[in-house]
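# sequence and predicted structure below; questions after.
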Amino acid sequence: MAGGDAVMAIDGKALALACFKAGVAGVAPDRLVRDHVRSDERTLTICGQEFDPSRIERIFVVGAGKASGLMALALEEMLGDRVIGGAVVVKHGHAVPCRKIRIMEAAHPYPDQAGVDATQKIMRFCEEAREGDLMLCVWSGGGSALLADAPEECSVEEVARLSEVLVTSGADIGEINAVRKHLSRVKGGQLARLAWPARVVSLILSDVVGDPLDVIASGPTVADPTTFGEALAVLRKYRIEAQTPPQLLQVLNNGAAGLLPETPKADDPALARTVNSIIGNNRIALEHVAQYAQSRGLSVRIVTDRLEGATAEAAATIVRAACEAQSDTSLAKPACLLFGGETTLRVMGCGTGGRNQHLALQAARLLRGRKGITLLAGGSDGTDGPTEMAGAVVDGETCVAAERANVDAAAYLRAFDSYAFFKKIGGHVFTGPTRTNVMDLIVVILGADASPAP
């Protein structure tokens with residue numbers, strides 16, 4: 001397919017949505033677990049590492065994250081009665097039926113008491129583990145909020161309040177999790193410390209650019225390179241010390257003064273029997289999108305799986321790349337450009353939305369009146385910010401239609417109210433909970449050469 005006639009036959013929005021769904025399907029957590037675990041009567045192989053089942057006394061499964069329920073279910077189905085029990089906490093609406101592993105639901109993106117209760121059950125399994133046991137852990141995006149606890153004499157409500165301040169401050173996920181790890185007894189390698197001397201093997205679905213093990217789900221079984229002092233520096237950098245609950249701020253100050261133990265570092269002996277393996281990430285999702293788009297006759301470019309930075313700046317970069325690619329004669333049309341990663345949205349209005357809806361609305365303004373370019377931005381987990389939508393899909397007609405309806409796109413952007421904009425104009429992407437999470441996917445469908453905006 002190439003040329004104007006083929007382009008005219010394309011429904012850019014429908015095709016972008018189909019591509020997005022193909023990417024999400026490619027990182028289905030149960031599928032990824034089955035790709036990396038092999039089990040029979042004599043052997044157990046996990047991510048290429050072999051275990052002798054006869055030398056394993058008990059197998060437990062614990063974990064947290066939006067994808068962890070399906071990961072746990074796949075392990076239970078593959079390992080059968082070898083799994084003695086376990087506990088996993090997922091976001092509300094992400095539970096799956098397991099026989100021996102208790103799947104619990106809690107709040108996300110900010111922790112609640114249900115998350116605390118679930119985390120205490122997970123901690124008990126780890127504390128009961130013995131040297132001959134194998135603790136299989138399943139971690140994915142969302143685990144930082146779902147694996148919830150609070151320092152002594154502090155409340156989960158205070159931790160939730162600080163989490164909201166951090167998430168809306170403009171801090172990146174590494175900075176946010178540096179703070180979270182130092183206000184927890186399980187994050188930042190501390191869960192592995194609880195499970196010692198059992199063998200600990202973590203299967204991890206990455207939702208962080210570059211797949212840093214210590215950042216994903218706040219690295220419960222990974223050495224933590226950050227310190228109390230660095231956590232305090234994050235609060236100072238984003239000028240949110242005054243918004244931090246005083247008791248939590250005191251904990252961080254006490255830690256920085258050496259009055260509290262640091263999180264486990266790389267030389268901690270408690271981590272010597274721990275293995276952490278990435279089994280899925282954004283790149284895998286993009287590759288599945290690419291395969292699907294090629295099957296539909298499109299040329300494909302995976303531009304990056306490391307999209308990050310401010311959401312508005314990322315939108316401008318993507319639109320600029322789309323316009324340049326559309327006039328690039330070396331790229332056969334129709335074509336598909338793919339971007340993956342996670343941008344940072346510093347919320348400065350009182351509206352509702354998320355980084356994907358905000359990015360899509362920003363892109364719609366830049367594309368106003370331009371033909372032949374469709375852009376979809378969506379969260380692979382099926383949710384964007386505190387909304388039930390995965391994201392939104394736009395083209396050059398989006399803002400034109402808004403103007404006809406007397407809807408001011410710029411005003412909705414200023415209010416950070418992209419959700420309400422798309423509710424009025426259309427363009428929302430709804431998938432429901434996907435039970436996976438590998439950050440965001442941005443799909444750009446290119447048709448004929450762009451006409452200049454009026």
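On my side now, so go ahead.
# tell me where the stretch 201-350 of the chain has helices.
Remark: helices assigned in the stretch 201-350 of the chain by DSSP state H, counting those that start in this stretch are 228-237, 246-256, 282-295, 311-326.
# now for the last one, which elements pack on it?
Meaning helix 311-326. strand 299-307, strand 335-341, helix 355-367, strand 373-379, strand 440-446 (3 or more C-beta pairs under 8 Å, 6 or more residues apart in numbering; DSSP states H and E). Heads up, the C-betas are built off the backbone N, CA and C, glycines and all.
# would you list those in TSV and tack on mean pLDDT, mean neighbour count and distance to residue 19?
Listed next are the helices and strands packed on helix 311-326 as TSV, based on pLDDT from 0 to 100; neighbours: other C-beta atoms under 10 Å; distance: least, C-beta to C-beta, whole Å:
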stretch	mean pLDDT	mean neighbour count	distance to residue 19
strand 299-307	98	19	9
strand 335-341	98	24	6
helix 355-367	98	27	15
strand 373-379	98	29	8
strand 440-446	98	28	5
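# which one of those lies closest to residue 96?
Nearest to residue 96, of all these, is strand 373-379, at 19.7 Å by C-beta to C-beta.
# adjacent strands (with direction) for the helix or strand following that closest one?
The helix or strand immediately downstream of strand 373-379 is strand 391-395, counting by DSSP states H and E. Here strand 391-395 has these sheet partners by DSSP bridges: strand 373-379 (antiparallel), strand 428-429 (antiparallel).
# in CSV: those, plus distance to residue 241.
Converted to CSV, the strands paired with strand 391-395 look like this (distance: least, C-beta to C-beta, whole Å):
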stretch, distance to residue 241
strand 373-379, 30
strand 428-429, 37
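# of those, which is nearest residue 229?
strand 373-379 (32.8 Å).
# dump the closest one to PDB, restricted to CA.
What follows is strand 373-379, C-alpha atoms only, in PDB (Å, rounded to 0.1, in the frame of the first residue of the first chain):
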ATOM      1  CA  ILE A 373      -1.600  12.800  10.500                       C
ATOM      2  CA  THR A 374      -3.300  10.900  13.300                       C
ATOM      3  CA  LEU A 375      -1.800  10.600  16.800                       C
ATOM      4  CA  LEU A 376      -2.800   8.300  19.700                       C
ATOM      5  CA  ALA A 377      -1.300   8.600  23.100                       C
ATOM      6  CA  GLY A 378      -2.300   5.900  25.600                       C
ATOM      7  CA  GLY A 379      -1.200   4.200  28.800                       C
END
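# give me the buried stretch members for the helix or strand harbouring residue 410, please.
Element membership for residue 410 (DSSP H and E) is helix 409-414. Neighbour-count burial for helix 409-414, with 16 or more other C-beta atoms under 10 Å as criterion, is recorded at 409, 412, 413.
# quick one: contacts of the helix or strand following it?
Later in the chain than helix 409-414, the nearest helix or strand by DSSP H and E is helix 418-425. Residues from elsewhere that reach helix 418-425, judged by C-beta atoms under 8 Å, 6 or more residues apart in numbering: 351-354, 357-358, 360-361, 385, 387, 389, 392, 398, 401-402, 405, 407, 409, 412, 428.
# any idea what sits nearest residue 262, other than its immediate chain neighbours?
Of all residues beyond its chain neighbours, the one nearest residue 262 is residue 227 (6.4 Å), with distances taken as C-beta to C-beta, 6 or more residues apart in numbering.
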